[in-house]
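*Asks:* Provide a 3D model corresponding to the input given below.
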Amino acid sequence: MEEQSAADSIIDSIANFGLKAVAAIIILVAGLWIAKKVKALFAAALIKKDVDATLIGFFSSMLYGAIVVFVGIAAIGKLGVETTSFAAVVAAAGLAIGLALQGSLSNFAAGVLLILFKPFKVGNFIKAGGEMGVVVEVGLLTTELKTPDNVKIIMPNSTVMSGSITNLSAHPTRRIDMVVGVGYGDDLNKTKQLMLELLEADARVLKDPAPQIEVSNLGDSSVDFVVRPWVNADDYWAVKFDFTKAVKETFDAEGISIPYPQQQVHVLQADAS
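*Replies:* Reported below is the predicted structural model:
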């Protein structure tokens with residue numbers, strides 16, 4: 001009788017464990033299916049909100065992972081395993097990983113802000129973090145720039161966000177600010193007219209807003225004009241370089257001087273006696 005009772009107890013235990021195992025498997029399978037559905041619905045909602053594709057993939061994966069962990073703990077608990085200590089181990093591991101990746105998390109947070117607020121986008125020419133270049137890629141941890149001399153720069157996102165960001169491509173037009181100095185003996189009205197004619201002859205210079213040419217400073221050796229034409233952003237450097245060359249050639253032909261700093265040295269000869 002005792003042997004029969006022990007056998008029945010073992011059979012009952014196996015049966016109970018089998019039922020628990022089946023329930024755990026059902027929880028696991030159903031939970032994974034729900035996790036995939038929730039991930040897809042969450043991603044679709046973000047797409048409708050026009051969220052950046054990088055963020056959509058990342059946040060969807062995070063949500064999916066969190067649901068999978070929860071389902072896994074629930075399935076283990078169904079088997080009769082104490083889940084409190086298991087959850088504590090998972091939390092401690094998460095904390096340790098967070099501390100180890102503190103710098104990366106800072107870059108990630110900065111990357112999220114860059115993607116959400118979009119101070120610049122791919123193709124913009126920016127100045128940030130002490131560097132200047134065209135934005136090639138904005139990632140979750142780093143931002144890649146290409147300098148005008150075709151050098152690749154990869155900057156941590158926290159560096160990009162730590163200071164001011166100057167987006168030189170934010171607007172379709174830009175104003176060129178130049179200073180042109182002439183001699184005190186030159187005709188200022190004629191000088192101004194010559195520069196205005198040079199700007200009017202350049203089809204890349206916009207008519208509206210109109211170019212501004214005014215006397216701005218009486219320097220030590222020159223009278224300085226500020227020259228401020230408006231151009232399309234893509235024409236900025238070409239117009240600046242061409243105008244500088246044209247001013248020199250025109251002033252030479254018209255006899256207008258372009259002063260340069262000079263020093264006078266007086267030599268005093270001592271009396272030999």
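
*Asks:* got a list of what the closest residue to Asp242 other than its chain neighbours touches?
*Replies:* The shortest distance from Asp242 to any non-neighbouring residue, by C-beta to C-beta, 6 or more residues apart in numbering, is to Asp202 (7.0 Å). All C-beta spots, glycine's among them, are computed from the backbone N, C-alpha and C. Asp202 sits next to 229, 239, 242-243 when contact means C-beta atoms under 8 Å, 6 or more residues apart in numbering.

*Asks:* Need the buried ones from these selected in PyMOL.
*Replies:* PyMOL command restricting the contacts of Asp202 to the buried ones, with burial defined by 16 or more other C-beta atoms under 10 Å:
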select buried, resi 229+239+243
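
*Asks:* which of the contacts of Asp202 sit farthest apart?
*Replies:* Greatest spacing in those, by C-beta to C-beta: Pro229 and Asp242 (11.2 Å).

*Asks:* residue contacts, the spatially closest residue to Asn157 that is not a sequence neighbour?
*Replies:* Nearest in space to Asn157, with sequence neighbours left out and distances taken as C-beta to C-beta, 6+ apart, is Ala110 at 3.7 Å. Contact analysis of Ala110 by C-beta under 8 Å, 6+ apart lists 156-158, 160-161.

*Asks:* 10 Å instead, please
*Replies:* 140-143, 156-162 (C-beta atoms under 10 Å, 6 or more residues apart in numbering).

*Asks:* what's the answer for Ile26, then?
*Replies:* 75, 78.

*Asks:* and what of the one 4 residues further on?
*Replies:* Shown here is Ala30, whose contacts under the criterion C-beta under 10 Å, 6+ apart are 71, 75.

*Asks:* State the mean pLDDT of the helix or strand it falls within.
*Replies:* Using DSSP states H and E, the element containing Ala30 is helix 2-48. Mean pLDDT, computed over helix 2-48, is 75.

*Asks:* ok, then the element right after that helix?
*Replies:* That would be, after helix 2-48 and using DSSP H and E, helix 53-78.

*Asks:* what about that next one, average pLDDT?
*Replies:* According to the model, helix 53-78 has a mean pLDDT of 75.

*Asks:* helices or strands up against it?
*Replies:* Secondary-structure packing of helix 53-78 (3 or more C-beta pairs under 10 Å, 6 or more residues apart in numbering; DSSP states H and E): helix 2-48, helix 83-100, helix 102-117.

*Asks:* what comes into contact with the helix or strand just after the last one?
*Replies:* The one in question is helix 102-117. With elements assigned by DSSP H and E, the helix or strand that comes after helix 102-117 is strand 125-128. With C-beta under 10 Å, 6+ apart as the test, strand 125-128 has contacts from 114, 119-120, 132-135, 143, 145-146, 148, 155, 159-170, 233, 236.

*Asks:* Report the buried members of those residues.
*Replies:* Buried among the contacts of strand 125-128 (16+ other C-beta under 10 Å): 114, 119-120, 133-135, 143, 145, 155, 159-161, 165, 167, 169, 236.

*Asks:* Which of those sits closest to Leu196?
*Replies:* Distances from Leu196 to the buried ones among the contacts of strand 125-128, taken as C-beta to C-beta, are shortest for Tyr236 (19.6 Å).

*Asks:* pretty sure that closest one contacts Thr173?
*Replies:* Yes - using C-beta atoms under 10 Å, Tyr236 is in contact with Thr173, at 9.3 Å.

*Asks:* thinking again about what came up before, restricted to strands, list the contacts of Asp202.
*Replies:* Using DSSP state E, no member of those falls in strands.
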